[in-house]
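Visitor: fold the following and give me the result.
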Amino acid sequence: MSHFLTSVTFIKFRATEISRKGFILSRFDHTSALQQFSRTALAIAIATTSSSLLYAEDVAEEILLIKPQQSVPISTGDSADLLKDEGVEFYSAGGIGKLPVIHGMNGDRVKVLIDGSEITSACANHMNPPLSYMDASRIESTMVLSGITPVSSGGDSIAGTISVKSQTPVYSDSDKLLTQGTIGAFYRSNGQHHGEFLNTTIASENLSLNYTGSLDRSATYRDGDGDKVLDTLYRSESHAITLGARGQDQELIIKLTHQEVPY
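Guide: Presented below is the predicted three-dimensional model:
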């Protein structure tokens with residue numbers, strides 16, 4: 001099964017930069033604020049403790065451990081894994097199919113937006129859900145709206161809305177040509193599951209060209225007794241080309257994506 005998606009975006013460049021940086025800052029500020037709040041709460045608890053004389057045998061054996069949450073970047077694989085920290089649950093509908101669940105509701109009750117466009121599943125049994133169209137290596141930001149969705153985000157989903165945005169073009173900060181790239185892979189022994197991805201960019205001050213490709217495949221899965229679970233092998237191949245051109249205060253973005261899932 002093959003899918004093609006072409007999108008052309010004409011936006012204000014400065015607004016793009018501000019919203020992008022604002023999202024990143026909000027995520028980091030949220031984490032640091034939570035840690036600071038925990039430390040403050042601990043400090044208040046210590047400050048309000050009675051100053052009477054205490055002996056070792058009178059001290060309760062209670063230990064409060066505060067540590068920052070570690071963030072492990074996902075370089076390739078299912079984009080659904082990036083949403084687990086946002087309070088979204090999933091159940092499996094195939095090798096590449098993870099269906100989102102918010103407040104116990106799923107299916108059409110959860111709206112999924114990819115770069116602002118509403119995407120539906122390609123299979124009647126939802127084995128190719130919208131989140132499977134975008135590899136994790138292409139994602140720049142994710143947002144989850146829990147509950148009734150506002151009109152600005154569609155407005156007709158009672159469980160919530162998941163919005164995923166792909167990476168925006170990167171430009172050179174000087175008159176020199178910018179070249180950068182990332183490559184990654186993973187392997188799991190059960191089913192010989194493995195995947196690879198490549199993300200490369202070449203850009204000047206006003207033009208940017210990016211290519212992202214990923215391959216995810218697995219043989220037949222085996223259960224705890226070593227028996228084969230039939231019809232669990234799959235192969236998913238994704239490609240995306242992004243061309244960006246910017247002027248003084250405007251930017252034109254053209255994206256061409258292709259996904260093929262033969263089995």
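
Visitor: which other residues reach stretch 168-176?
Guide: With Cβ atoms under 8 Å, 6 or more residues apart in numbering as the test, stretch 168-176 has contacts from 16, 20, 140, 178, 180, 201, 203-208, 210, 242-244, 246, 251, 253. The way it works is simple: take the backbone N, C-alpha and C, and place the C-beta from them, glycine included.

Visitor: am I right that Thr242 is in a strand?
Guide: Yes. Read with DSSP: H, G, I helix; E, B strand; the rest coil, Thr242 is one of the residues of a strand.

Visitor: ends of stretch 217-228, what's the gap?
Guide: 16 Å (Cα to Cα, to the nearest Å).

Visitor: now stretch 200-209
Guide: One end of stretch 200-209 sits 9 Å from the other (Cα to Cα).

Visitor: other residues contacting it?
Guide: Residues from elsewhere that reach stretch 200-209 (Cβ under 8 Å, 6+ apart): 169-175, 177-182, 210-212, 241-247.

Visitor: where along this protein do the strands fall?
Guide: Along the chain, counting by DSSP state E, strands occupy 2-12, 89-92, 98-101, 110-114, 117-118, 139-146, 160-166, 178-188, 193-203, 207-218, 221-222, 228-229, 234-246, 250-260.

Visitor: skipping adjacent residues, who's closest to Leu178 in space?
Guide: Leaving aside its sequence neighbours, Leu178 sits nearest to Ser172 (Cβ to Cβ, 6 or more residues apart in numbering; 3.8 Å).

Visitor: quick one: the one you found and Lys255, what's the gap?
Guide: 20 Å (Cβ to Cβ, to the nearest Å).

Visitor: next one: Glu140
Guide: Here Glu140 is placed at a distance of 12 Å from Lys255 (Cβ to Cβ).

Visitor: name the residue in those two with the higher neighbour count.
Guide: Ranked by neighbour count (other Cβ atoms under 10 Å), Glu140 and Lys255 place Lys255 first, with 20 against 13.

Visitor: quick check: nearest residue in space to His258, chain neighbours excluded?
Guide: Once flanking residues are discounted, His258 sits nearest to His239: 4.8 Å by Cβ to Cβ, 6+ apart.

Visitor: neighbours of the one you found, how many?
Guide: By other Cβ under 10 Å, the residues close to His239 number 16.

Visitor: that one: what's it in contact with?
Guide: Taking Cβ under 8 Å, 6+ apart, we find His239 in contact with Tyr211, Thr212, Gly213, Thr257, His258, Gln259.

Visitor: give me the buried subset of these.
Guide: Those of the contacts of His239 that meet the buried threshold are Thr212, Gly213, Thr257, Gln259, by 16 or more other Cβ atoms under 10 Å.

Visitor: wait, which of those residues is closest to Arg222?
Guide: Among those, Gln259 lies closest to Arg222 (Cβ to Cβ), at 27.1 Å.

Visitor: okay, the strands of the chain in a markdown table with distance to Ser152 and mean pLDDT next?
Guide: Putting the strands of the chain into a markdown table (distance: least, Cβ to Cβ, whole Å; pLDDT from 0 to 100) gives the following:
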| stretch | distance to Ser152 | mean pLDDT |
| --- | --- | --- |
| strand 2-12 | 16 | 47 |
| strand 89-92 | 25 | 77 |
| strand 98-101 | 20 | 83 |
| strand 110-114 | 11 | 87 |
| strand 117-118 | 13 | 84 |
| strand 139-146 | 10 | 84 |
| strand 160-166 | 10 | 87 |
| strand 178-188 | 33 | 92 |
| strand 193-203 | 31 | 93 |
| strand 207-218 | 28 | 94 |
| strand 221-222 | 41 | 84 |
| strand 228-229 | 43 | 84 |
| strand 234-246 | 25 | 93 |
| strand 250-260 | 21 | 92 |
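
Visitor: no further questions, thank you.
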